[in-house]
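Asker: Curious how this folds, go ahead:
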Amino acid sequence: MKKDFSNIWLRFSILIFVCSFAYQLHADDAHYKNMLIGERAATMGGSYVAVSDDSTGCYYNPGGIAYAVGDSLSGSGNVMHQMKTIYYEAIGTKDWVRDSESLLPNYFGVLKKFKSYSFCFSYVVPDAFIEHQDLVFDNPLSSVKKFYLSLHSEDITYLMGPSAAMRLGEDLSIGLTLYYHYRSFMRQQHSFLESTNGSYELFYESKKQREDGMVPKIGAQWSPFNLLTLGVAMDQAILFNGPFQGDVSYHSTDNSTGTASLTTTFNSTKTEVKRKLPLHIAFGAAYFPTPSQLYTFDLDYYQAQEKGRADVINYSGGTEYYIDPTNAVRFGLFTNFDNRPTPDSSTTGPTDYIDIYGLSFGYTSYSSSSSLTFGAIYTSGTGKAWLYSGLTESKTMTRESITLLFSASSSL
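Answerer: As a prediction, this is how the structure comes out:
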């Protein structure tokens, strides 16, 4: 009887712990376009490499800020960013649902314009995942009466630093951004499993991570024709240290047989393993058929630097239309493809694969010296999850997110 329960518990623990913290409870480094930055750029699907003529260009293509009209101050925030991921039949016949929600400003920039030069300082949050979960599963397996999970997880990446650009003529410019990269991660988790024979399992984990580095970005813009602008930008993060990691776990078992049989373990670990982030090269084109209309297209190429990761190409396109001089609307489409191999019977779990597609919309109201932008971004995807080794088939997963954004800018 004890052996049967141990085997059942082993299977169940694989499912639970894989789903509860092995599945991307940290920043999603399998996708590169998790959050769109800026006002015009975000509402045009992030297609901005060949535009970048405001402070947002410090992030997309610093070469573009050389063509800024004048001094400006701008900032944007996600009024709401919600994401839901569902792993179907992940725990017996039960679905595993993960929700992430964040409310935070994700961009701020100040730009100073001179005759042939432009300087800028910007602050960017390209990734932010915040999860709070209190979940209860009643009778998920025949041998398990109840499983409870309490989880708090935060993982945020920050970029901040100066930019400079110079015009080399009427049709050509170059620029450079030097970002300081800072990533902060923390997670606290407590789980409780009660079996039908009265035995129980407790688990507690606390983890903290920090990552520091620099992200140099170079960019250029060229206008070969009056109505067409081309842009290119390249960047790669250089990390100074790997994530400092501290894990503490507490695990106990009570056989409920009348004898106080109790097992307790305590573990603490540290590591300095550094991630190897991809080389990113972005190409863009912007076409201005009329003074009130704009079409943009970007191609983002990511060259993987880590084993087991694939090179990825993401696409984005957008349009902007001025209804009149004080009102503009924008639309955009973009992809956010996965850089991992598709899981199959040879896969060592846990892992998953999901390609994501998104669309965006925005409206901007202009005055003589300022502007206000409201917009929304929606993403969706369906993929496959391999929960653990030995499965005969993968599980279906879906992911959806909605972001409502607000941005304001002012001429100085």
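
Asker: okay, CA-based contacts and neighbour counts for the rest of this
Answerer: Will do.

Asker: could you point out where the stretch 301-412 of the chain is predicted with low confidence?
Answerer: In the prediction, the stretch 301-412 of the chain carries residues with pLDDT under 70 at positions 344-349, 387-392.

Asker: so where do the strands sit in it?
Answerer: With strands called from DSSP state E, counting those that start in this stretch, the stretch 301-412 of the chain shows them at 312-324, 327-336, 351-354, 356-366, 370-386, 395-411.

Asker: And these: which comes nearest Asn139?
Answerer: strand 395-411 (20.5 Å; CA to CA).

Asker: Just the helices from the chain, written as ranges.
Answerer: 2-17, 40-43, 57-60 (DSSP state H).

Asker: Which of those has the lowest mean pLDDT?
Answerer: Mean pLDDT is lowest for helix 2-17 among these, at a mean of 46.

Asker: returning to what we had before: any chance of the strands of the stretch 301-412 of the chain in JSON lines, plus distance to Gln236 and mean neighbour count?
Answerer: As requested, the strands of the stretch 301-412 of the chain are arranged in JSON lines below (distance: least, CA to CA, whole Å; neighbours: other CA atoms under 10 Å):
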{"stretch": "strand 312-324", "distance to Gln236": "15", "mean neighbour count": "19"}
{"stretch": "strand 327-336", "distance to Gln236": "18", "mean neighbour count": "22"}
{"stretch": "strand 351-354", "distance to Gln236": "24", "mean neighbour count": "22"}
{"stretch": "strand 356-366", "distance to Gln236": "23", "mean neighbour count": "21"}
{"stretch": "strand 370-386", "distance to Gln236": "26", "mean neighbour count": "20"}
{"stretch": "strand 395-411", "distance to Gln236": "27", "mean neighbour count": "20"}
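
Asker: want to throw the ones you listed into a markdown table with distance to Tyr148?
Answerer: Formatted as a markdown table, the strands of the stretch 301-412 of the chain follow (distance: least, CA to CA, whole Å):
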| stretch | distance to Tyr148 |
| --- | --- |
| strand 312-324 | 38 |
| strand 327-336 | 33 |
| strand 351-354 | 23 |
| strand 356-366 | 30 |
| strand 370-386 | 22 |
| strand 395-411 | 22 |
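
Asker: who wins for proximity to Asp53 among these?
Answerer: Closest among those, once you apply CA to CA, is strand 395-411, at 13.3 Å.

Asker: contacting residues around the residue nearest to Val312 when sequence neighbours are not counted?
Answerer: Closest residue to Val312 apart from its sequence neighbours, by CA to CA, 6 or more residues apart in numbering: Tyr302 at 5.2 Å. With contact set as CA atoms under 8 Å, 6 or more residues apart in numbering, Tyr302 has these partners: Pro278, Leu279, His280, Ile281, Asp311, Val312, Ile313.

Asker: now swap in Phe283 and tell me
Answerer: Per CA under 8 Å, 6+ apart, neighbours of Phe283: Val49, Ala50, Leu230, Gly231, Val232, Ala233, Asp298, Leu299, Asp300.

Asker: excluding its backbone neighbours, what's nearest it?
Answerer: Val232 (4.6 Å).

Asker: Check Gln188 too.
Answerer: Nearest to Gln188 is Ser206, by CA to CA, 6+ apart, at 4.5 Å.

Asker: And for the one you found, the neighbour number?
Answerer: 18 (other CA atoms under 10 Å).

Asker: I figured it hits Glu154, correct?
Answerer: No - at 12.0 Å, Ser206 does not count as touching Glu154 under the criterion of CA atoms under 8 Å.

Asker: any residues in contact with both of the two?
Answerer: In contact with both Ser206 and Glu154: Met186, Arg187, using CA under 8 Å, 6+ apart.

Asker: If anything else comes up later, I'll come back, but that's it for now.
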